[in-house]
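J.: This is the structure alone, sequence omitted:
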């Protein structure tokens, strides 16, 4: 077995893997993911002791999020079969093995410790590249071939950045990948505030404090992060199992849920990104969770 010793925000990679594998292992799963199931048995990590029991509703919710990301990646590959997917803060996500079309180029950008663990436990081929670095340092954008289309994903990541850092990351992607797409999820302001107050998250596990949250009515403000942002779209969760599975794609229409729900957002950048030298002083930060 391979020892996994991640703490703080990187430990969330183990939390999501644990729940995704729990959902994948059940009959009639919403997200077949045999590689995730194998990983949990191969890692030397006290999942239950550190993270608690994997609760079915949390497992399904995280699996539906992953499935929504998978669907957008598959749509991208349908029109850009030789394109590049850049997965920021990927941790132990096994998406490549769920969506691989045999031609996609895959770039994983992550901090050194989780990236080292990923390299040890997951087989990587010629079409996969690992880049060690902090996503807040835009040097990771260098050397990536964007000529065949680029989709940047950030699953379970941006809520741990400060509002200004979210804005800077969006702008860096728009500058580096004209014509590309950025796909990310976010939590509500209220949920982010609860994590900063020390409240336990879904399933009873205390998640690291989340610096950034965004409510649905604020999403259109993201356009101010960069003049090349041409489309800001909501990506709905797919339907799943039971009451949670029924409500997942309908949450925006439910009064008790629409104002305090996680979001998945897709930003498309214009083919010609405006030069950013220096950044315009009027650029607004992403909605600040602390206000």
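T.: Received, thanks. Fair warning: this is a prediction, and the values are worked out from it, not measured in the lab. Numbers count the residues shown, from 1 in each chain.
J.: How far off centre is the helix or strand bottoming out on mean pLDDT in the chain?
T.: Ranked by mean pLDDT, DSSP states H and E, the weakest helix or strand in the chain is helix 255-258, scoring a mean of 84. Here the centre of helix 255-258 is set off from its chain's centre by 23 Å, with C-alpha atoms, centre = their mean, to the nearest Å.
J.: Identify all contacting residues around that helix.
T.: 216, 247, 251, 252 (C-beta atoms under 8 Å, 6 or more residues apart in numbering). Any C-beta I mention is one placed from the backbone N, CA and C, and that applies to glycine too.
J.: Also stretch 5-17?
T.: Counting by C-beta under 8 Å, 6+ apart, 4, 36, 39-40, 43, 45, 47, 50-51, 62, 91-93, 111, 113-114, 117, 156, 160, 205, 207-208 sit against stretch 5-17.
J.: how about that stretch: buried residues?
T.: 6, 9, 10, 11, 12, 13, 14, 15, 16, 17 (16 or more other C-beta atoms under 10 Å).
J.: And the residues you listed, which is closest to residue 169?
T.: residue 9 (15.1 Å; C-beta to C-beta).
J.: quick one: pLDDT of that closest one?
T.: Residue 9 carries a pLDDT value of 94.
J.: if I look at it, how far off is residue 90?
T.: Noted for residue 9: a distance of 13 Å to residue 90, by C-beta to C-beta, to the nearest Å.
J.: Give me the common contacts of those two.
T.: With C-beta under 8 Å, 6+ apart, residue 9 and residue 90 have no common neighbours.
J.: Now list the buried members of the contacts of stretch 5-17.
T.: In the contacts of stretch 5-17, the ones that pass as buried (16+ other C-beta under 10 Å) are 4, 36, 39-40, 43, 45, 47, 51, 62, 91-93, 111, 113-114, 117, 156, 160, 205, 207-208.
J.: for the chain, which helix is longest?
T.: helix 56-79 (DSSP state H).
J.: downstream neighbour of that one in the secondary structure list?
T.: strand 84-88 (DSSP states H and E).
J.: Going along the chain, name the strands of the chain.
T.: Along the chain, the stretches classed as strands by DSSP state E are 2-3, 43-44, 84-88, 105-110, 128-132, 150-154, 181-186, 229-234, 263-269.
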